[in-house]
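Need a 3D model of the following:
(4 chains)
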Amino acid sequence: MAFRMTGSPIAPAALVEGFGDPRCGGLAFFEGRVRDLNEGRAVQALEYEAYVPLAEKEGERILAEARGRFEILRAECVHRTGRLGLGDVAVWVAVAAVHRGAAFDACRYIIDETKARLPIWKKEHYAGGASEWISCAERDGPAAGTTR
Amino acid sequence: MAFRMTGSPIAPAALVEGFGDPRCGGLAFFEGRVRDLNEGRAVQALEYEAYVPLAEKEGERILAEARGRFEILRAECVHRTGRLGLGDVAVWVAVAAVHRGAAFDACRYIIDETKARLPIWKKEHYAGGASEWISCAERDGPAAGTTR
Amino acid sequence: MKKSLHVRYFAVLREQRGLGEERVSTGAATAAELYEELRARHGFTLRADRLRVAVNDEFEPWGAAIRDGDSVVFIPPVAGG
Amino acid sequence: MKKSLHVRYFAVLREQRGLGEERVSTGAATAAELYEELRARHGFTLRADRLRVAVNDEFEPWGAAIRDGDSVVFIPPVAGG
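This is a model prediction of the structure:
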């Protein structure tokens, strides 16, 4: 499967090594990593919880859409579940195309749709022990899932 | 230096391994590889000839422009010279940013400008022994550098 | 005629329910009715219009009929970032 | 008063000249004049408007004055793809 969820660390170097196609001239990659600050708060770790069967179906649909919309040869995406530390890779996307424009466009499409549509939830753990579910809910009104 | 020309093989896996920043959440990478066909002709190998001192200056200028135009934390680019075979990496670009939009935009800016502005020339070697300098000249009129 | 459903909870809903899945016996005809029933029972803070629903691992409209043996998941807003 | 210049050739120009660099003694005042002189001498097929020029490893306009000891490079169109 070109899309997969994994509970093990994502190692982009190894994935890059195995990705390609003799017909391709342009490859675009994206890595989403856990960063040290989010909206001004010091993040220490992060937890991804996923509804795996639906996330994998929806992930495959997104890759199929990308192959339909852009002139690309291959597309892959891997998304983490579980607890991640600073700098850990949360999501990795790779696209191979004959020409670079399509590779960039498809790579961005895949990561944008993945973030918007996949049933995957992120809980941030802050310095001091607080934690919070990051979601649209937090931006719109009372923090539905806040636990401090 | 963040931009460099090299006569040795580019190994993206090792480069990806060493690239990042604790503040970054989004990393975009681009690889340009030698592909098997160009404008319908079977390519067997490719030669990059560069005016290295000026290519390196201009490359650093492009990276500085990208850092000025986009909200990014780091940018690197490596470009090959010499003879390359099918699938070999000709150019590698990496950008780290807090948010992915800036990482994609800067990565694309860097590769587009690199291809348009750097004094680097490409000679394709085809099945059957013919070879040709690939340049605007070929597209506009008589093939200035064709040798068959 | 009560149906027996398999309900899974994720993220905020899992924490508010205090468990990840359960068997639910219900008379609800649609996914929407089921959520309102469970929301009243467990005090979920999210309103249905903030959620999506999946039945048997596929997204479905809230008005989708639910049948005996179905697996139902209510999907809180995702991070999106 | 002749100047002595260091001229390097790349790609098509290198192949048409048959060498990668040479010392050139010239009365040309500008980069443009120098190129026309060399083009006539060596039969370069590219017209100046297809090229750019660098003097001492910096891009310069074709009207740039050239001085004794300068290093000059004529830059054929790049692949761009």
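
For chain B, tell me whether stretch A:78-91 is touching it.
Yes - contact check for stretch A:78-91 against chain B, using Cβ under 8 Å from any Cβ of the partner chain: residues in range are A:L86, A:G87. Using the backbone N, CA and C atoms, a C-beta is placed for each residue, glycine as well.

is that stretch anywhere near chain C?
No - with Cβ under 8 Å from any Cβ as the criterion, chain C is not reached by stretch A:78-91; the gap is at least 9.9 Å.

quick one: that stretch to chain centroid distance?
Distance of stretch A:78-91 from the chain centroid (Cα atoms, centre = their mean, to the nearest Å) equals 9 Å.

pretty sure A:Y126 is touching A:A42, no?
Yes - counting by Cβ atoms under 8 Å, A:Y126 touches A:A42, with 6.1 Å between them.

These two - which one has more neighbours?
A:Y126 (15 against 12; other Cβ atoms under 10 Å in any protein chain shown).

The closest residue to the more buried one other than its chain neighbours - how many residues pack around it?
Once flanking residues are discounted, A:Y126 sits nearest to A:R41: 5.2 Å by Cβ to Cβ, 6 or more residues apart in numbering or on different chains. For A:R41, the count of nearby residues is 14 (other Cβ under 10 Å).

which residues does A:R41 bridge with?
A:N38 (DSSP bridges).

pLDDT value on it, please?
Per-residue pLDDT puts A:R41 at 87.

Over to the one 10 residues further on?
We note a pLDDT of 97 for A:Y51 in this prediction.

Which residue would you name as the spatial centre of chain A?
Centroid-nearest residue in chain A: A:V91, 3.2 Å away (criterion: Cα atoms, centre = their mean).

Beyond the helix or strand hosting that one, next helix or strand please.
A:V91 belongs to strand A:89-97 when assigned by DSSP states H and E. Following strand A:89-97 in sequence order, the next helix or strand is helix A:100-117 (DSSP H and E).

tell me which residues in that next one are buried?
A:100, A:102-111, A:113-115, A:117 (16 or more other Cβ atoms under 10 Å in any protein chain shown).

From the contact counts, what lies against it?
strand A:26-33, helix A:52-69, strand A:72-80, strand A:89-97, strand B:26-33, helix B:100-117 (3 or more Cβ pairs under 8 Å, 6 or more residues apart in numbering or on different chains; DSSP states H and E).

neighbours around A:G129, how many?
Neighbour number of A:G129 under other Cβ under 10 Å is 8.

Ignore what I typed, I meant C:V73.
There are 24 residues near C:V73, going by other Cβ under 10 Å.

which stretches of the chain have low pLDDT?
Going with chain A. Within chain A, the set of residues satisfying pLDDT under 70 comprises A:1, A:135-148.

meant chain C actually
Within chain C, the ranges that satisfy pLDDT under 70 run C:80-81.

What segments of it are strands?
C:3-8, C:21-26, C:52-55, C:58-60, C:71-75 (DSSP state E).

Give the partner strands of the first one in its sheet and their orientations.
Right, the one you point to is strand C:3-8. strand C:21-26 (antiparallel), strand C:71-75 (parallel).

Contacts for the last one, please.
Same thing as strand C:71-75. Applying Cβ atoms under 8 Å, 6 or more residues apart in numbering or on different chains, the contact partners of strand C:71-75 are A:51, A:54, A:119, C:5-10, C:13, C:24, C:31, C:34-35, C:38, C:51-57, C:66.

Can you point out the buried residues in that strand?
Result for strand C:71-75 [16+ other Cβ under 10 Å]: buried residues C:V72, C:V73, C:F74, C:I75.

Next, the angle from it to helix A:52-69.
70 degrees (axes from the mean of the first three to the mean of the last three Cα atoms, to 10 degrees).

same question, the longest one
For strand C:21-26 against helix A:52-69, the angle by the same axes, to 10 degrees is 90 degrees.
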